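Undergrad: Provided below are the primary sequence and the corresponding predicted coordinates.
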Amino acid sequence: ASHGSRARVAAASPPNPPRLPGTARTRASVSTAAASTSVRSTLADELRGDFPILHQTLPDSGKPLVYLDSAASSQKPNVVIDAHAAYYREINANVHRGVHYLSGKATDAYELARVKVADFIGAETDREIVFTRNASEAINLVAYTWGVANLKPGDEVIISELEHHSNIVPWQLVCAQTGATLRHVGLAPDGNGIDMDALEASAREGKTKLIATAHVSNVLGSEVDVPRLVKLAKSVGAKVLLDACQSVPHMPIDVKTLGVDWIVASGHKMCAPTGIGFLWGRADVLETMPPWMGGGEMIQDVFMDRSTYAPPPARFEAGTPAIGEAIALGAACDYLSAIGMDRVHEHEVDVGTRLYERLAAIDGVTVYGPTPAQGRASLAAFNVEGLHANDVCTLLDASGVATRSGHHCAQPLHAALNVPASARASLYLYNTREEVDAFARTLEETIAFFREINAGM
């Protein structure tokens with residue numbers, strides 16, 4: 001089915017056919033998963049009451065919401081919503097600029113949030129945390145400060161085919177501006193992540209100044225081999241930027257252990273509001289980076305013919321920041337830390353394995369990325385033979401299941417997979433095994449519905 005099948009779907013009744021049987025090969029994995037239900041994590045059951053948005057029935061379908069799109073944006077717990085609202089209700093004022101009571105309280109809360117983020121990722125000091133609007137801005141900040149100041153003709157930046165567009169386009173622009181060369185490596189032969197051998201061969205040519213890649217792929221769910229990556233980069237004198245948007249919310253992260261030069265993350269994927277993210281950089285690296293945007297707060301002294309600049313992180317935070325959002329990000333870090341990121345990760349391994357196994361058991365479904373035994377995040381991008389991902393997700397939504405369709409801001413990866421788009425179900429700490437099972441049943445019904453329509457044409 002193509003995009004054109006939407007009109008036929010809209011005119012038809014909602015799907016409700018019998019469940020499709022699995023193949024003989026894959027039924028065993030489902031039986032294994034079902035047998036393990038008794039050894040289930042209760043984390044989501046404990047936490048779901050903290051997320052008011054999850055407790056609703058959708059008006060068009062009358063179905064309860066099953067939210068499986070957390071890789072795009074997570075839902076927010078009450079404590080984060082309350083922290084955001086409390087700033088505006090109780091201490092709303094600009095930061096760093098006033099001696100009055102409200103400004104002092106706002107400044108204290110804003111800077112405390114920076115400390116909380118630093119603690120959450122194991123930074124040496126809160127001075128290594130730069131607040132940004134999102135991870136995209138954080139990558140652009142590195143590209144237009146360190147990149148413009150250090151890259152020149154003959155230098156090379158290496159990325160991969162599985163990157164989010166936010167880790168491709170900035171480097172295209174900066175390499176075009178500086179005359180540096182942007183190279184990319186493809187997928188490993190099994191298609192389950194970056195071809196590390198090809199990356200090593202490219203880096204060993206001696207021209208590499210930067211390797212920028214995703215810690216965890218937002219499509220494949222694969223995790224890059226960070227120790228190997230860092231060892232390689234150090235051996236050739238290159239720096240490493242890690243896009244940690246799909247790792248920071250889901251697993252324990254200690255930047256000192258990672259050994260990279262920068263990581264970026266978005267607040268909205270880790271229970272915080274939109275409009276706030278952060279860049280972590282090694283203190284010695286941040287010190288060498290020139291300003292990016294000019295304005296208030298990033299200066300030390302301003303004269304009519306020149307200016308001097310504040311030390312990091314203020315050097316990179318021109319103008320009035322997203323104060324309430326930063327405070328709420330700090331509250332999100334508190335919330336996740338109180339749960340324990342080891343426990344979050346353990347829960348996601350459990351429900352993520354069930355997601356993979358249920359999908360793999362459905363006839364005609366292709367799931368991209370490694371198996372759970374090989375290690376994968378709690379997300380699954382997939383396609384159904386003969387159906388377009390948009391049509392599949394539209395029908396899932398009609399039954400209350402929220403998933404994502406499209407290229408997930410990873411067009412080059414989809415081109416490498418030779419598909420125009422994929423559907424994606426992604427889980428977080430509040431998703432239950434029961435929701436995974438409901439999704440699988442609804443997908444089976446959706447597939448049967450489309451097949452019935454196509455058989456009658």
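TA: Good, I have the coordinates. Not measured: the values here are computed from a predicted model. Numbers count the residues shown, from 1 in each chain.

Undergrad: just the helices in the stretch 301-450 of the chain please.
TA: With helices called from DSSP state H, counting those that start in this stretch, the stretch 301-450 of the chain shows them at 323-339, 341-360, 389-398, 411-417, 433-455.

Undergrad: could you do the stretch 1-150 of the chain as well?
TA: Listed in chain order, the helices of the stretch 1-150 of the chain (DSSP H, counting those that start in this stretch) span 6-11, 24-35, 43-47, 78-86, 101-121, 135-142, 148-150.

Undergrad: pLDDT weak spots in the stretch 1-150 of the chain?
TA: Under the criterion pLDDT under 70, the flagged ranges of the stretch 1-150 of the chain are 1-41.

Undergrad: go again with 50.
TA: 1-39, 41 (pLDDT under 50).

Undergrad: again with the stretch 151-300 of the chain
TA: Along the stretch 151-300 of the chain, no part satisfies pLDDT under 50.

Undergrad: ranges for the helices of it?
TA: Under DSSP H, counting those that start in this stretch, the stretch 151-300 of the chain gives helices at 169-178, 196-203, 226-236, 255-258, 283-288.

Undergrad: related to what we said a few turns ago, now tabulate the helices of the stretch 301-450 of the chain in CSV and tack on mean neighbour count.
TA: All C-beta spots, glycine's among them, are computed from the backbone N, C-alpha and C. As requested, the helices of the stretch 301-450 of the chain are arranged in CSV below (neighbours: other CB atoms under 10 Å):
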stretch, mean neighbour count
helix 323-339, 23
helix 341-360, 21
helix 389-398, 21
helix 411-417, 18
helix 433-455, 19
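
Undergrad: for those helices, give me JSON lines that also has mean pLDDT and distance to Asp108.
TA: As requested, those are exported to JSON lines (pLDDT from 0 to 100; distance: least, CB to CB, whole Å):
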{"stretch": "helix 323-339", "mean pLDDT": "98", "distance to Asp108": "10"}
{"stretch": "helix 341-360", "mean pLDDT": "98", "distance to Asp108": "26"}
{"stretch": "helix 389-398", "mean pLDDT": "96", "distance to Asp108": "43"}
{"stretch": "helix 411-417", "mean pLDDT": "97", "distance to Asp108": "43"}
{"stretch": "helix 433-455", "mean pLDDT": "93", "distance to Asp108": "40"}
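
Undergrad: isn't Ala377 right next to Val248, touching?
TA: No: contact criterion CB atoms under 8 Å: Ala377 and Val248 do not qualify, at 12.0 Å.

Undergrad: which one's more surrounded, the two?
TA: Per other CB atoms under 10 Å, whichever of Ala377 and Val248 has more neighbours is Val248, with 29 against 26.

Undergrad: just give the number of residues close to the spatially closest residue to the more buried one that is not a sequence neighbour.
TA: With CB to CB, 6 or more residues apart in numbering as the criterion, Val248 has its nearest non-adjacent residue at 4.3 Å, and that residue is Ala265. By other CB under 10 Å, 29 other residues sit near Ala265.

Undergrad: my guess is Ala265 contacts Phe278. True?
TA: Yes: in this structure, Ala265 is within contact of Phe278 by CB under 8 Å, at 6.0 Å.

Undergrad: shared neighbours of those two, which are they?
TA: Ala138 (CB atoms under 8 Å, 6 or more residues apart in numbering).

Undergrad: save the helices of the stretch 151-300 of the chain as JSON lines, and put in mean neighbour count and distance to Arg48 too.
TA: As requested, the helices of the stretch 151-300 of the chain are arranged in JSON lines below (neighbours: other CB atoms under 10 Å; distance: least, CB to CB, whole Å):
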{"stretch": "helix 169-178", "mean neighbour count": "18", "distance to Arg48": "37"}
{"stretch": "helix 196-203", "mean neighbour count": "17", "distance to Arg48": "39"}
{"stretch": "helix 226-236", "mean neighbour count": "16", "distance to Arg48": "32"}
{"stretch": "helix 255-258", "mean neighbour count": "16", "distance to Arg48": "31"}
{"stretch": "helix 283-288", "mean neighbour count": "14", "distance to Arg48": "39"}
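
Undergrad: got CSV for those, with distance to Phe51 too?
TA: Output for the helices of the stretch 151-300 of the chain, formatted as CSV (distance: least, CB to CB, whole Å):
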stretch, distance to Phe51
helix 169-178, 33
helix 196-203, 38
helix 226-236, 31
helix 255-258, 28
helix 283-288, 35
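
Undergrad: between those helices, which one is nearest to His407?
TA: helix 169-178 (13.9 Å; CB to CB).

Undergrad: which residues touch that closest one?
TA: With CB under 8 Å, 6+ apart as the test, helix 169-178 has contacts from 136, 139-140, 143-144, 147-148, 151-153, 155, 157, 159, 180-182, 212.

Undergrad: also stretch 408-420?
TA: 71-72, 161-166, 168, 184, 186-187, 191, 217-220, 368, 381, 383, 388, 407, 421-422, 424.

Undergrad: so which of those are in strands?
TA: Per DSSP state E, strands hold the following members of the contacts of stretch 408-420: 184, 381, 383, 422, 424.
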